[in-house]
Structures are given as structure tokens and as C-alpha cells.
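**Q** what would the 3D arrangement of this be:
(chains A and B)
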Amino acid sequence: MRRLAAALIAAFALLLPMAALAQSAAQILEDHRALVEKPSRTTIGPVIAALAASDDPMVADVLAAWADRRLGLRKADGAFVLVSPVAEGVALRLLDGSDAGVLAASEITELRPNAGVRGMIAGALVRFRLSAPDPAARADALATIARDPAPEHLEALRQSLGEESDAGLRAQKARLERLLTLRFEDDSAARVAAIGSFSGDLGLDLRAALNPLLAVTRVALPLGAVPEGNLARDLTPGIDLTEAEAYAALVSAGLAPEPLTAEALKAALVANVEGGMVAGFPVARLNTEEARAAAYSALEAEGRVPPAATEDEVAAAIAAHRFVEIYAEPDPAVTTAAAEVLQGIELKLAAMQAADLGLDALSLASIYFLAAIGLAITFGVMRVINMAHGEFIMMGAYTGYVVQLFVANHTLSLLIALPLAFAVTFAAGVAMERLVIRHLYKRPLETLLATFGISIALQQLAKTIFGTQARPLTAPSWLDGALSFNDIVAISYIRIAIFVLALVFLVFFLWLMQRTRLGLEVRAVTQNPSMAASMGINPDRINMLTFGLGSGIAGIAGVAIGLFAQVTSELGSAYIVQSFMTVVVGGVGNIWGTLAGAAMIGTLQKGIEWLNPANTLAAQTYMILFIILFIQFRPRGIIALKGRAAGD
Amino acid sequence: MTRSFLATHPSVLIFLLILSLFTIGVTILSEAYGTAFISTSFVKTLGKTLCLCLVALAMDLIWGYAGILSLGHMAFFALGGYMIGMWLMYARTEEIVLSALANEVLPPTTEEVTNGIAAQIFGVVGASELPPIWGFAHSLPLQLLLVIAVPGLLALAFGWLAFRSRVTGVYLSILTQAGTLALALWLFQNDSGLRGNNGLSGLQNIPGLAHVPQAELSIWFFWASAAALGLTYVALAWLVSGKFGSVIRAIRDDEARVRFLGYSVEGYKLFLFTLTAMIAAIAGALYYPQAGIINPAELAPIASIYLAVWVAIGGRGRLYGAVIGAAFVSLLSSWFTGGRAPSIDLGFYTINWVDWWLVLLGLSFVLVTLFAPKGIGGLIDLAAHLRAPDRKGAALGPDDSALREKEARE
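**A** You can find the predicted model right below:
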């Protein structure tokens, strides 16, 4: 019906321009006074078309007022007026644009076009707005149509397309025109062509336009009957839909009686209790489903309750019917084309999502790498289990927070916080090495426990000093926002920064271990302390420095992690297990192993999250289980040290 | 055999004597059967402490004797609690549902009762069907079997995987910790079938015993806990005093040498790991009806570390050490964190023990590890004038987890 009206408008708009050109808006309304005063959708078309074709500059105002119910009749002389409410009543304007004073509202007969007529007026109005002189107004009109497209818009859009001077807007209009064509055009071939022209496009608006074309309704029909409409597919009960759903479809189609619910059965039995018996069954024995069903059948036989489908009948009814899905869109060519394009879109979307997932995994991997790189030194190289490593990360994050309290400029405070966090945690690490770990080098299990004691104490200290609520560590504004490649693939700048930081640390670690005197001495001391000592290396000093270094890097990682996570006293303990896993899975004593471990754990966690997006807890569970199993097959990690460096 | 065992191990007799004196003392002072000097809630605290002593015994066996630092035994403890909690909650809810349905005209069907129970228990997580893992929850004997079977099988599977690939030392510790974390995270989900982070609650109400006041129930559970602790102590003392004990101590000190001597090291370890997991589960099954509520936070890896802390402070490698440590630290902990410890006013700062207790615990744990590896139990050696042989500073075994002579002597 709406399409018909739109076509009528179009036809009139094409036929009438010569006749209408000379007419003003006032004249047109006057000519069709009876129609305007009592408008209906079926008859008003020519009037609106005539208005739309007129070149009177007041037409846009008149149409807008009419649609808004601001067009009225002055009771005194019956003239058409545009009204706008003011304090004293309503201000009037005549249709030639001149003011006509203020009257009381009761002096005006309001014209009240119904919703259908208003929709047609709005369609005509769109044409004016689409050719408005102001580009912003045109863009606004386009946005309005895109939000709520209607068949009326199509013709107006096509007309304004040729007149459009702005290239950007023209492209937008052309796209919107095709989107409307594929939905509202009458000509099947034109629709298919419009759909085909979008092949490979990923726009959300396209998906929003295509999906309604493929909307289906479930229909049940007797076997042998030919389904009406555009058949989407056959449904097999038990596979595509459950028995209950199938039966519900039958019931809603009026092909089967309502099924009997347990509640209804019970209510029917209760209503028929007579002297402790229901249809010959004692009430006390009705404590099984079977007994109740038997009692109901007995009642049914006596005709005291309405018949209800038993399970066998339900199964028989389902078997005797065919279940199909019918497209709401009647044109098979259109639905086929839409399904094809949509499938292409889904394929491309999946690829994009995979790319996005890859970016996510990469950033998670760099976070784990950053958290674990300090451990790669203290645990990987020195073989010291430092369970307080997480608390060093936390100390770094709190250092960043405290610096921000004193330095308001976030960029500057970050620049101060990074070295300061290193200094603080370096000092803490050296102190811990000197006071505790030094005495326990031969006793790894005790090291684990003693450092856990320190971890408990440090965590509680942080809680006492900073409180339990999360403290903000704000990133500088140039790290806000995200680098987005399209509307699916995006990565925030903070994560890029962390990735870069992780790379920097990787290079730093490699340089330190392979190219410096300290690295040489560290490797010597970890391989054979007494031999190193006899070569003139002071193992105590090297151990102290190495441990401090690992702890200091943890502090810097803490600042970086604090930028996107919440800074609480539990910040570190959230990462400690994953960090150890990263080092162990990767292979102890090898930085490339740590990198591989972080990449594997990051990818794995994101991958599992993708399989079950609602449940990140389960993802972590499965990831840990996977790691436990992985260690079964490669106990020494992905990259295992060999020979003397392996330490045994 | 038993007589000679008790005669050669006087510490067992002394322990049993102290435990029974303690039990009788608490009973006499309790509200239910005595002078009401001790409140019911404190009886519960003492009963729970006995359960913690029991799980500490298991920890001592696996760590102190066999040198396997498991950071997952509190997970078995909590699993035991979950298993008994399922029956407690199911049976209690069944009573409620039956009494609610009793007023209806028709007698309830089994399906109606089950649906009612499921709706009651799982309404809080938005489900209304009983998950399959509750399939045995209606039966106490089956669920009691599960108390032992579930943690036992889990430990068996985990231990088999870990020990056969020769994961030892700190790697095993980290692995058990990760496993515990995985279990806790899994239980935290709402659709794990165990009510997510709501956990199981109302466990202090024992089905069928609604008429018994909590004061009496608490004493009964106290007795049960004491009996379990006493029996387990005797059994474990007997176990470690024989050849089995010698083998597991040898595994601790030099695993490779034991393997070369022809012992199946993995078999011993697996047996111990599973056995201690079951003991931990029994302790948990006795603990949580006294605590009244269990949720996944109880499984957090930190709980297992506290367990190690207790055993270390009490003195590992000796059973009474574990009991002393667990009782001492957990009672002290509840005293400090309960706000009963007096604050210390330093003039410029007031030390509030609720805030500072964990700092004190952490640091004293470091100190014990550094300076008194034998823990509180070492004091008993001093009193008994036990002296370790002088080995001129050599380690007792070549393995990294072997005791150093310094520890043995102190």
C-alpha cells in the first residue's frame, strides 16, 4: 500500500510539473480544500504531489507545518494559516509568508492528518530537506533517512542525487539510494542488482538492510501440502527444532490441540477430587506422573475434562506435518542474492574478527611478557622463585600513582615514574636478596615460602597505606583512544605502547645478557658459582645486581600495567601465576622461551575466550588445564636449554 | 605390634592424652554439657581448628616427610566441604520443599519435589534445573563416598600426570598452585553447577536434626573432629614409623638414589598425594558444617600457602609439629583479626592489629624459615635434649630439597 502511494506520488510528480509550476502552495490547498480538510491516505496523494512539484518557496514550511499539525483554518474566514503557539494564544502566518497577528487558540480549527497521511507528507518533505541549500541540513536529512528508512524516501533520494554538488554527500546519497533500492524497489532485477553491487561491503547499515530481507517465519503444514510464499528451508523436528517447538508451531497454526502442562493436569485433578478419589483413583496414590496421567485419561473418558494430547499423540501430530521456514520477502531472486552477499560478508567479517582477535592476543601476550620478563631474570636465569614478584609489580604501579599525586602533567609524571619505579623496586629487590634470599640459595622450596611471607606482608602494607579501593593511574591523553583499521579491527594506543615497551625490554635483555660484562658474569655465576668466583667474579655482588635488575623491571612493568588495570594491592597477585606459567611453559633460562610462552598463553586465552565469549573465568580455567597438560609433554618448556646451561 | 609401636613412640601417647584432656575440658566447659564457660561459637572455632590440624597433618606428610610442597591441598579440603555441603543443602531443602507441598490436595510426585529443590537451590544463579553433578546429592552414603572419591580421583589424575613426567620441586609447587587456581576459577562461574560465588550455605543446619540446638551440634562436631584427628594421627604415626616412612623420607632427601635402589618413587609419591588429598577432604567435610558456608574463595591459592605456613611454623617432618603449628597460628590469627588483640600506641602511630597482623605473620614466617627451620617443634627437641649428629656442615642429602645440616641441628 505504501509502495503504491509512493509510486502514485512519483507518477504525479512526473506528470504534473507543467500544470503545477505556476501554482502557489496557497492555491493548491485552496483547490483541494475538501481533501485537505478531511485527508485520507488513498485520496491525498495528488495534493501532496502537486505541493511537492510547486516551486513556491513556502511549500517546505507548509508541508512541515501540516505534518506537525501546525496548519489550521482561521474560523473567521476559513483561510489556511500556519500557527505557532505563543504565550497569549497562537501566532498566525498566512501561506504567502506574511504575519497575521495573534489569536486565541479557540479561533483556529486545527487540521489533524492521521499517521498515514503524515507519513506521506514527511516523504514529500524529505525531498525538500535533501535539496536544502545548507550541506549540514542535507547530511542531517540523510542521517534521518538512514535511521528510519521508508519507501517514500526512495524517489526523493533519487531526484536529489543528480542535483547534489558535494562529492561526499553524493556518495552517501548514492549508497543510501542503493540500500533503499534493495529494500523498497518494486523491480526485482533492480533489487538484485543493488544487492550485488554491495558484494564485499562490511557496513553495519548494509547488514541492517539485508537482515530483514532474510527474516523467516516458522510454518507448520500437513504433509504433502505445498508451502505458500518464498520457502527458506525445511526443518526436521529433533534436529532443527525441538519437539516442543514443533508442537507449539502446530498449536499456533491451529493444527493440533493445546498440550497439557503438568500444572493444568494437576489443577484438573484437584478440581475433580470427590471424597478422596479422582475418577476411581485414591488421591494418596496420585504421587507419580503415570498415575496422574491415568487419572486424567479416566476423567477424559468420562468427558469431565477437555481432551488433551498425550505424548504419543504429540509425536504422531509432529510426524504428520511438515515444518518449513518461509521468508517474509516474497521474491526468491532477492532472497537468494541477499543470502549470497550476506554469506560473503560473514566470511569477510570472520576474517576481520580473526585479525582483531590476533591483535587482542598480541596485546595480552605483551602484557604477560612484560609481567614475566623480570621473572625471566630472577627465576629463569638465577633460579630463584620469587613469589613477591607480583608485589614488585604492584609497588611499581603505586609508585606511578604517588608520582601523579605530586606531578599533575601526566606525560611528565609518567617519565618520572618509570625510572623511579625502577629505582624503588630495584632497592626493594636488593634488600630482599641481601636479607633473605642469599641465605636460601640451596633451598628453593624455602625460598618460595619465605618470599611468600614477604608477599603477604607487602600486600597487607599496601592495603594499610593506600586502602582497599582502586587508585587511578591515568595515562597521558596522547595514549587515549584507539588505532582503528575499520569498525572491527582496532587496538588502543595504550596496548600498542605496552607492546613497544615489551619489545624494548626484549632487546634490552638480549643486549644485557649477550653484550655486556654484567651479562657475562651473570651467566658465569648462574652456571657455576665457585668457578666464577675463582675467576675473580664476586658472586654475591652479581647475584644482588641481577636480582635487583629483575625486580626493577617488574617495577616498570607495574607502571605500564597500572595504566590500563586498576591499581589495587591485589594487582600483582593477579599476574603471578600467569607469569610463572609464562616462564615455565616457555622454558626456563631463555628469553625467547619466555616470549614464546607469553605468545602461547596470550593467544590461547583469547582463543578460548572467543569460543565461549560469555565466560572469561572458564577461559582461564581451560587455559591453566591446557598448560598443565602441555608441561606433561614438554616438561622443560617450549625452548629447552641443553647441555651445561641446563644446570643438571 | 601396636603395643610395641606405642611404646617406641611415646609422642603418640602424649599427643592422644593431650587431645583427650582437651576434648573433655572443652566438653565440661561447653554450653551444652557443662558450665557454659565457653560460648557455642568458640566451641565451633575450636572444632574448626581441630579440622585445620587434621589437614595440616596431611600437609606435613606430603611436604615434611616426602618433600613435595603441594600448594593445592586446601583445594581438596574445600572439595570435601563442597561434597558434604551438597548433601546438607539438598536434604535440608528437600525438607523445606516437602513441608511446603504437604498442604496441597494431591501428594507431590518425585519430579515436583526435585523441581522444587532445584528452584530453591539454583534460583540464586538463575537456573531451575538440578545439574548432573548433583545426581547423588539425595543420598548421604553416596555423597560421603564422594567426599573421599572426588578429591582422591582428582589427586590421582593430577599426581599421575605430574609425577610420571618427573615434575619435581618448585615446578610441582607452581603446577599445584595453578591447578588450584583453575579449580577456583571454574567454581566461581555461575554455571559450574555449584552456585558460583554464592557457594553453598546453611550447612550448619543438619537435616533431620532440626530439633537439636546448635550448642549440642557444635559439641558433636567437635567430638567428631577430635576423633578424626586422633585416629588419623595414630594411623599416620604408624605409617611413617615403618619402612614406608623410611622410603618417603629417603625420597625427600635423595630421590634419584631411591629410584636406583629399585623403589617405584612415582608410585610412593602418587599414593601419598592421593592419601593426603583424601585426609584433607575428610577434614574439609568436618570443617564446613561447622563453618556453615563454603564458597570458591576458600579454594584461593593463598589458603594452601597458609597451610604450608602453619606446618612450617609448627615444624615440618614431625606430626605433632603440624598440629601445633595449625592450632597456634590459626587461633592466633582469629584472635588478631577478630579485633580482640589490644592496639599498640606508639605515640605517632597506633598499630591496629587487624591491619598489621598479616604483616606480622608474613615477616615472622620469613624469620622462621631463615632462623628456625624446625619451627616450634624444635623447642621440644631442646626440651628432650635431642642432638643431631655432627656432619661438619655437609648437607644431609645431595638434593636441593634435602635438609641442610644447619636445619637438622637447630
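**Q** for the residue of the stretch 401-550 of chain A found nearest chain B, which non-adjacent residue is spatially closest?
**A** As assessed by Cβ to the nearest Cβ, chain B sits closest to residue A:457 within the stretch 401-550 of chain A, at 3.1 Å. Where C-beta positions appear, they are placed from N, C-alpha and C, glycine not excepted. What sits nearest to residue A:457 in space, not counting adjacent residues and going by Cβ to Cβ, 6 or more residues apart in numbering or on different chains, is residue B:362, at 3.1 Å.
**Q** what does the stretch 251-400 of chain A have sitting close to chain B?
**A** By the rule Cβ under 8 Å from any Cβ of the partner chain, the part of the stretch 251-400 of chain A lying against chain B is A:262, A:266, A:269-270, A:273, A:283-284, A:286-289, A:292, A:385.
**Q** what's around whichever residue of the stretch 151-300 of chain B sits closest to chain A, how many residues?
**A** Nearest residue of the stretch 151-300 of chain B to chain A: residue B:182, at 3.8 Å (Cβ to the nearest Cβ). Residues lying near residue B:182 (other Cβ atoms under 10 Å in any protein chain shown) number 25.
**Q** show me the contacts for it.
**A** By Cβ atoms under 8 Å, 6 or more residues apart in numbering or on different chains, residue B:182 lies in contact with A:620, A:621, A:624, A:625, A:628.
**Q** that one: which element?
**A** helix B:169-188 (DSSP states H and E).
**Q** list the buried residues of whichever strand or helix holds the residue nearest to residue A:457.
**A** Here residue B:362, judged by DSSP H and E, is contained in helix B:353-371. Residues of helix B:353-371 classed as buried: B:353, B:355-362, B:365-366, B:368-369 (neighbour count, 16 or more other Cβ atoms under 10 Å in any protein chain shown).
**Q** skipping its backbone neighbours, what lies nearest whichever residue of the stretch 201-350 of chain B sits closest to chain A in space?
**A** At 5.4 Å from chain A, residue B:305 is the closest residue in the stretch 201-350 of chain B, using Cβ to the nearest Cβ. Spatially, and ignoring its direct neighbours in sequence, residue B:305 is nearest to residue A:452 (5.4 Å; Cβ to Cβ, 6+ apart).
**Q** the one you found: neighbouring residues, count only.
**A** Around residue A:452 sit 25 other residues, with neighbours defined as other Cβ under 10 Å.
**Q** by contact count, what packs against the helix holding residue B:362?
**A** Applying 3 or more Cβ pairs under 8 Å, 6 or more residues apart in numbering or on different chains; DSSP states H and E, one finds that helix B:353-371 contacts helix A:444-466, helix B:301-314, helix B:319-337.
**Q** and the shortest one with helix B:169-188, angle?
**A** Computed with axes from the mean of the first three to the mean of the last three Cα atoms, to 10 degrees, the direction of helix B:301-314 lies at 140 degrees from that of helix B:169-188.
**Q** what segments of the stretch 101-250 of chain B are strands?
**A** Listed in chain order, the strands of the stretch 101-250 of chain B (DSSP state E, counting those that start in this stretch) span B:200-201.
**Q** chain B contacts on the stretch 501-648 of chain A?
**A** A:573, A:577, A:580-581, A:584, A:615, A:617-618, A:620-621, A:624-625, A:627-629, A:631-633, A:635.
**Q** just the buried subset of these, written out for PyMOL, thanks.
**A** Selection command for PyMOL covering only the buried members of those, criterion 16+ other Cβ under 10 Å:
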select buried, chain A and resi 573+577+580+581+584+615+617+618+620+621+624+627+628+631
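**Q** quick one: which of the residues of the stretch 501-648 of chain A next to chain B sit in helices?
**A** A:573, A:577, A:580-581, A:584, A:617-618, A:620-621, A:624-625, A:627-629, A:631-633 (DSSP state H).
**Q** for the closest residue to residue A:163 other than its chain neighbours, phi and psi?
**A** In space, residue A:163 comes closest to residue A:131 once its chain neighbours are excluded; the distance is 5.7 Å by Cβ to Cβ, 6+ apart. Main-chain torsions, residue A:131, degrees, to the nearest 10: phi -110, psi 20.
**Q** repeat that for residue A:95.
**A** Dihedral angles for residue A:95 - degrees, to the nearest 10 - are phi -70, psi -10.
**Q** can you check residue A:566 too?
**A** According to degrees, to the nearest 10, residue A:566 has phi -80, psi 130.
**Q** residues contacting the closest residue to it other than its chain neighbours?
**A** Of all residues not flanking residue A:566 in the chain, residue A:470 sits nearest, at 3.7 Å (Cβ to Cβ, 6+ apart). Each residue near residue A:470 by Cβ under 8 Å, 6+ apart is listed here: A:566, A:567, A:568.
**Q** ok, now with 10 Å
**A** With contacts defined as Cβ atoms under 10 Å, 6 or more residues apart in numbering or on different chains, residue A:470 is in contact with A:401, A:565, A:566, A:567, A:568, A:569, A:570, A:571.
**Q** take those and keep only those in strands.
**A** Among the contacts of residue A:470, DSSP state E puts none in strands.
**Q** could you work out the most separated pair of those?
**A** A:401 and A:570 (14.7 Å; Cβ to Cβ).
**Q** run a quick check on residue A:601 versus residue A:366, I expect a contact.
**A** No - between residue A:601 and residue A:366 there is no contact under Cβ atoms under 10 Å: 11.5 Å.
**Q** where does pLDDT dip in chain A?
**A** Chain A contains residues with pLDDT under 70 at A:1-22, A:309, A:613-614, A:641-648.
**Q** residue closest to the middle of it?
**A** Nearest to the mean C-alpha position of chain A, by Cα atoms, centre = their mean, lies residue A:488 at 9.5 Å.
**Q** distance-wise, check that one relative to residue A:341.
**A** 18 Å (Cβ to Cβ, to the nearest Å).
**Q** over to residue A:47?
**A** Residue A:47 is 40 Å from residue A:341, by Cβ to Cβ.
**Q** same question, residue B:162
**A** On the measure of Cβ to Cβ, residue B:162 and residue A:341 end up 53 Å apart.
**Q** quick one: contacts for residue 124?
**A** You didn't say which chain, so I picked chain A. A:9, A:13, A:45, A:47-49, A:51-53, A:59-60, A:63, A:66-67, A:152, A:155-156.
**Q** hmm, I had chain B in mind actually
**A** Residue B:124 neighbours (Cβ under 10 Å, 6+ apart): B:190, B:195, B:196, B:198, B:201.
**Q** nearest to residue B:329, of those?
**A** residue B:201 (26.8 Å).
**Q** what about the closest residue to that closest one other than its chain neighbours, how many neighbours?
**A** Closest residue in space to residue B:201, ignoring its immediate chain neighbours: residue B:293 at 4.6 Å, by Cβ to Cβ, 6+ apart. As a burial measure, residue B:293 scores 15 neighbours (other Cβ under 10 Å).
**Q** return the residues in contact with residue B:353.
**A** Residue B:353 neighbours (Cβ under 10 Å, 6+ apart): B:335, B:336, B:337, B:338, B:339, B:340, B:341, B:342, B:343, B:344, B:359, B:360.
**Q** what subset of those is buried?
**A** The buried subset of these (16+ other Cβ under 10 Å) comprises B:336, B:341, B:359, B:360.
**Q** much appreciated, bye for now.
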